[in-house]
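**Q** I'd like to go over a predicted model; first the sequence, then the structure.
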Amino acid sequence: MLRHLGSIGLILIIGAPFARADTMGLSVNGFPTTYTPGSTLTFEVEITGAADLNAYNVGLELNSSKGTAGNDFYFEGSPSTYRPLAGTNRYVFDSGPAVSPVGFVATADKIASTNTALLNLSDFLYEGEFVSDASPDAMLATVVIGTTAGAGDLTLSFDGSVLELLAPNGQAVPAFSTLEANLNSFNPPPAVAVPEPASFTLLCAPMLAGIVIGLVGYGFRRRRQSRSLHLAGDTTHYIDDETDSQVDGPTILSLPSCWTKSARRAA
């Protein structure tokens, strides 16, 4: 019994690396869940388990809840969207043949009928060459999206219609069919548009000003009413002209009821 369990454990240990090697995936790192329309979005597209890869074309689609593709929201192509620099050990082909890294291209486009912005990331420089030691977790590109104030919520997704992941023999890599079937699972959550705080303040400023003016006017009217009631209930409100001091509250000299003490003695 123990012998059989030991054999099973050995098979699992030996088989684990091969199972991982056959796992390939795409991911987006840094795409925000909220953003301010009019700002620029920057994020990274990464690939996992790319040991057999030596050429690729990866497409992205961008949609918005409002606005026009190419005007209010759009991808930036090369050179704004760029691959990691050679020698940084971040690019998928950094450890490939020592060839000048001119194969990477980022091409931006749009589909007017569907109001969808497009981006193709591709590198076929090493096509047909064996790149067995490519990084298992590597970047394809740093992608840049531009927006205007007219953009809404943004939805980013991988485009399966242009996806190509090629092995040195020119055929799709062994894990391609599995990746293609699960392509939607690699899409990031939407980026929800949030207006600028300054714009919100400017929008509310007239309403706040009206409230303040109304409160001030109400306080002024209440003060006048209180003063009128005070004067109506006390017709012997005096000013001491000898000490030149006021008696409890403001006085209105134009009213007949306001007498000085000297005037009162003379009367």
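**A** Thanks, I have the structure now. Fair warning: this is a prediction, and the values are worked out from it, not measured in the lab.

**Q** list the buried ones in stretch 183-196?
**A** Residues of stretch 183-196 classed as buried by neighbour count (16 or more other C-beta atoms under 10 Å): 186-188, 190-191, 193. All C-beta atoms are positioned from the backbone trio N, CA, C, and that covers glycine.

**Q** Tell me which entries of those lie within strands.
**A** Judged by DSSP state E, the subset of the buried residues of stretch 183-196 located in strands is Ala193.

**Q** And Leu179, which helix or strand is it part of?
**A** Applying DSSP states H and E as the criterion places Leu179 in helix 176-181.

**Q** Could I get the buried residue list for that helix?
**A** For helix 176-181, by 16+ other C-beta under 10 Å, it's 176, 179.

**Q** which secondary structure elements does it contact?
**A** Applying 3 or more C-beta pairs under 8 Å, 6 or more residues apart in numbering; DSSP states H and E, one finds that helix 176-181 contacts strand 154-166.

**Q** now for the strand it packs on, which elements pack on it?
**A** Partner elements for strand 154-166 (3+ C-beta pairs under 8 Å, 6+ apart): strand 55-64, strand 116-123, helix 176-181.

**Q** Strands along this structure, start to end?
**A** Going by DSSP E, the chain shows strands at 25-29, 34-35, 40-48, 55-64, 73-76, 104-111, 116-123, 137-147, 154-166, 192-193, 237-239, 258-260.

**Q** among the ones you listed, which is the most enclosed?
**A** The highest mean neighbour count among those, using mean count of other C-beta atoms under 10 Å, belongs to strand 73-76: a mean of 24.

**Q** who does that strand touch, helix- and strand-wise?
**A** Here strand 73-76 touches strand 55-64, strand 104-111, strand 116-123, strand 137-147, going by 3+ C-beta pairs under 8 Å, 6+ apart.

**Q** Done for today, thanks.
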